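Trainee: give the three-dimensional model of this entry:
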Amino acid sequence: MDASRYKRQQAQSPSQITKNTFGITAAVPKAPSARPPIAAPRVARPVVQMPTRSPRPAADGLRNRLRAAPAPVPTAPQFMAPKPPMPITTPVAPPVKIAPSVVTPVAPTPAPAPVRMPAFDMDLPGEASPSLFKRAKSRNVRKMAFRGAAVGLILLITTGGLLVSQTLSKTNKVFSGSTGTVAALKKDVAPELLKGEGAGRINVLMLGRGGGDHKAPDLTDTVIIASIDPINHTSTMFSIPRDLWVTVPKQGVMKLNAAWQTGVFKYTGKATPGSTDPKAIQAGFDLVDETLAGVLGINIDYNVMVNFDAFKQAVDTVSGVNVNVPTDLVDPTMAWENANDPVLAKAGAQIFDGKKALIYVRSRETTSDFARGERQRAVMLALKDKVAALGTLSNPLKLSGLVSAFGNNVQTDLSIKNASRLYGIVKEVSDAKTTSVGLADAAAPLVTTGNINGQSVVLPKAGLFNYGPIQTFVRSQLKDPYILKENARVLVLNGSTVSGIATTKADDLKSYGYNVVGAANTPNTGWTHTTVIDLSKNKKKYTKNYLEKHFNVKAATSMPDDTIGTNGADFVIIIGSDEANLTQTQAR
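Mentor: Okay, here's the model as predicted:
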């Protein structure tokens, strides 16, 4: 989403983070205990120059976690005392009765059309940011953030030529994480290794911070997930609002951009920005990952953190980038950075050095957010293309210089081996197959602005800490590649006495990417246990694995009742009273 449209009335300062982390308690709204946090299955992964740590306890996916008893609301010292927001009520449609034995075709959900790369807010951490739906003028141009520029560098790291197996010691400095290899990163992965729908994707969390002597240098004001489909060769850039008000596990409530800093401060035991301790950096990664898992309902596999200087250094190391400027870019508010010349870039082909490229992607006062987003995207692609075109990968001198820039300004838990494998996957993804989405897209925004204790924050439209609609949307955008590839026909039947449950479960499965061909009732009710029947003769093994884990059952190979029509389905799911009652309980 376009984070540049947010406006906060009061900055979240390091002293406030200190209060949250080190013992000043205040009453705050708590997340409802009915919605348990998601403990996503993770592999062990230390960060730069850090020995391998023990893996987190594995889980069998989101479904099993929802069956477990909800975890208690954290009671740790809280960040601040917000005023409770006005309750938001959503009308619930009455259940739809389905005639027995009549199969109603359900059209598969069409794949989302590619959208343009959004603009990214570029104010410095701690500065006022524009409101969600209206662009406001910058209050201090000299303190504008690296946010959009940092995205370009992060994309270079995850999709560009650095991700190759090299033996240079400086490369090891960047890619020295000994993180385990997630299942989706492996070739010919066995179905049973995939823990649940969505596990076939590779999710890289990309964070950007000011660093150095910037105000609040450890606030991560760029929060983007690059989700890669290694099977169908597509990728999705998913931006999350930096001001989203979240519950951080065991740390209280705060803006999302403070979560990484809170993890670092908690580990070090002091509120001192700029820690270079690999374990502290990893602690920050872990805390953000856990927080986002609860909000979005997906796992984060790897992390990349970049600061402002790395972008300029990277562009200068490859002797500039080639950008075709469509029209003159004039911005008097940034003339001071351009030798007092308000014309930042002339129309036509240009070669930008690091400083010029940074100015080009930061300007926004005299153009639209959409135009700025287009400029950022152009520079991102130009940087990636320049690395490849100049043979940087095969030139030890250039590679050494480029990696040196990263080594001082980038942290990641990718190892060289995993980075190399990731590069091999991403280089097959064309620009046309890269989409970008956000929670505040104009078509159907899922978030809104609010005020908590004098701070302008972003809240779910469904209500404080109600992330259900957000998770459904995320699933629909980040569908599992194996489900899409097999495209198995799935029929959902209601064998319980709960009216409309077949349609409810069919809609739920469609949000995961399943090809649901119908929803109906069985001829007779009274089914106690939910049953999954595999009629594909094990030809759709990934779909079978996911459905077994989704419903926590073992698939049968034949229909238990010959009077039930199958409508040519590969899989038939008969919803019993166990699943129906669970669904009703979760909906309350």
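Trainee: can you list the low-confidence ranges for the stretch 151-300 of the chain?
Mentor: Within the stretch 151-300 of the chain, the segments meeting pLDDT under 70 span 151-179, 212.
Trainee: would you map the helices across it?
Mentor: In the stretch 151-300 of the chain, helices defined by DSSP state H, counting those that start in this stretch lie at 169-174, 259-268, 278-296, listed in chain order.
Trainee: which one of these lies nearest to Gly513?
Mentor: helix 278-296 (16.0 Å; Cβ to Cβ). Placement of C-beta: from N, CA and C, glycine included.
Trainee: angle of the helix or strand following the closest one against helix 278-296?
Mentor: Moving toward the C-terminus from helix 278-296, the next helix or strand (DSSP states H and E) is strand 302-307. Put simply, strand 302-307 runs at 110 degrees to helix 278-296, going by axes from the mean of the first three to the mean of the last three Cα atoms, to 10 degrees.
Trainee: model confidence over the following helix or strand past strand 302-307, on average?
Mentor: Downstream of strand 302-307, the next assigned helix or strand under DSSP H and E is helix 308-317. Helix 308-317 carries an average pLDDT of 77.
Trainee: mind checking which of the helices of the stretch 151-300 of the chain is nearest Phe473?
Mentor: Phe473 lies closest to helix 278-296 among the helices of the stretch 151-300 of the chain, at 9.2 Å (Cβ to Cβ).
Trainee: other SSEs contacting that closest one?
Mentor: In terms of contacts (3 or more Cβ pairs under 8 Å, 6 or more residues apart in numbering; DSSP states H and E), helix 278-296 is packed against strand 202-209, strand 220-229, strand 245-248, helix 259-268, strand 302-307, helix 468-477.
Trainee: picking up where we left off before, and the helices of the stretch 151-300 of the chain as TSV, adding mean neighbour count and distance to Glu579?
Mentor: Listed next are these as TSV, based on neighbours: other Cβ atoms under 10 Å; distance: least, Cβ to Cβ, whole Å:
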stretch	mean neighbour count	distance to Glu579
helix 169-174	18	47
helix 259-268	24	34
helix 278-296	23	24
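Trainee: looking at the helices and strands packed on helix 278-296, which is closest to Ala520?
Mentor: Short answer: helix 468-477, nearest of those by Cβ to Cβ, at 23.0 Å.
Trainee: what does the closest one contact?
Mentor: Residues from elsewhere that reach helix 468-477 (Cβ atoms under 8 Å, 6 or more residues apart in numbering): 35, 109, 112, 197-198, 236, 238, 295-298, 435, 437, 439, 444, 446-447, 460-462, 511-513.
Trainee: what subset of the residues you listed is buried?
Mentor: Buried members of the contacts of helix 468-477, scored by 16 or more other Cβ atoms under 10 Å, are 35, 109, 197-198, 236, 238, 295-298, 435, 437, 439, 446-447, 460-462, 511-513.
Trainee: rewinding a little: JSON lines please, covering the helices and strands packed on helix 278-296 and showing distance to Gly495.
Mentor: Shown next, in JSON lines, are the helices and strands packed on helix 278-296 (distance: least, Cβ to Cβ, whole Å):
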{"stretch": "strand 202-209", "distance to Gly495": "36"}
{"stretch": "strand 220-229", "distance to Gly495": "34"}
{"stretch": "strand 245-248", "distance to Gly495": "37"}
{"stretch": "helix 259-268", "distance to Gly495": "44"}
{"stretch": "strand 302-307", "distance to Gly495": "42"}
{"stretch": "helix 468-477", "distance to Gly495": "25"}
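Trainee: among these, which is nearest Ala184?
Mentor: Once those are compared by Cβ to Cβ, strand 202-209 is nearest, at 4.9 Å.
Trainee: got the angle for that closest one vs helix 259-268?
Mentor: 80 degrees.
Trainee: sorry, back to before: looking at the helices of the stretch 151-300 of the chain, which is closest to Pro230?
Mentor: With respect to Pro230, and counting by Cβ to Cβ, the nearest of the helices of the stretch 151-300 of the chain is helix 278-296 at 19.7 Å.
Trainee: domain ranges for this protein, per the record?
Mentor: Domain assignment for the chain by automatic domain parsing gives 34-65+111-477, 487-587.
Trainee: mind checking which of the helices of the stretch 151-300 of the chain is nearest Ser415?
Mentor: Across these, closest to Ser415 is helix 169-174 (Cβ to Cβ), at 9.5 Å.
Trainee: Ala378: which element?
Mentor: helix 369-389.
Trainee: correction: the previous question concerned Thr435.
Mentor: Assigned by DSSP H and E, Thr435 falls in strand 434-438.
Trainee: after that strand, next one along is what?
Mentor: Heading C-terminal from strand 434-438 (DSSP H and E), you reach strand 447-452.
Trainee: what pLDDT, on average, does that following strand get?
Mentor: Mean predicted confidence for strand 447-452 is 92.
Trainee: and if you look at stretch 563-575?
Mentor: Taken as a whole, stretch 563-575 has a mean pLDDT of 95.
Trainee: restricting the selection to alpha carbons, write that stretch to CSV.
Mentor: Taking Å, rounded to 0.1, in the frame of the first residue of the first chain, the C-alpha atoms of stretch 563-575 are listed here in CSV:
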residue,chain,number,x,y,z
THR,A,563,-26.2,-42.2,-3.9
ILE,A,564,-24.1,-39.1,-3.6
GLY,A,565,-23.3,-37.4,-6.9
THR,A,566,-19.7,-36.3,-7.4
ASN,A,567,-20.1,-33.8,-10.3
GLY,A,568,-16.8,-35.0,-11.8
ALA,A,569,-14.8,-33.8,-8.8
ASP,A,570,-11.3,-34.9,-8.0
PHE,A,571,-12.0,-34.4,-4.3
VAL,A,572,-15.3,-34.6,-2.4
ILE,A,573,-15.5,-33.1,1.1
ILE,A,574,-18.4,-34.0,3.3
ILE,A,575,-18.7,-31.6,6.2
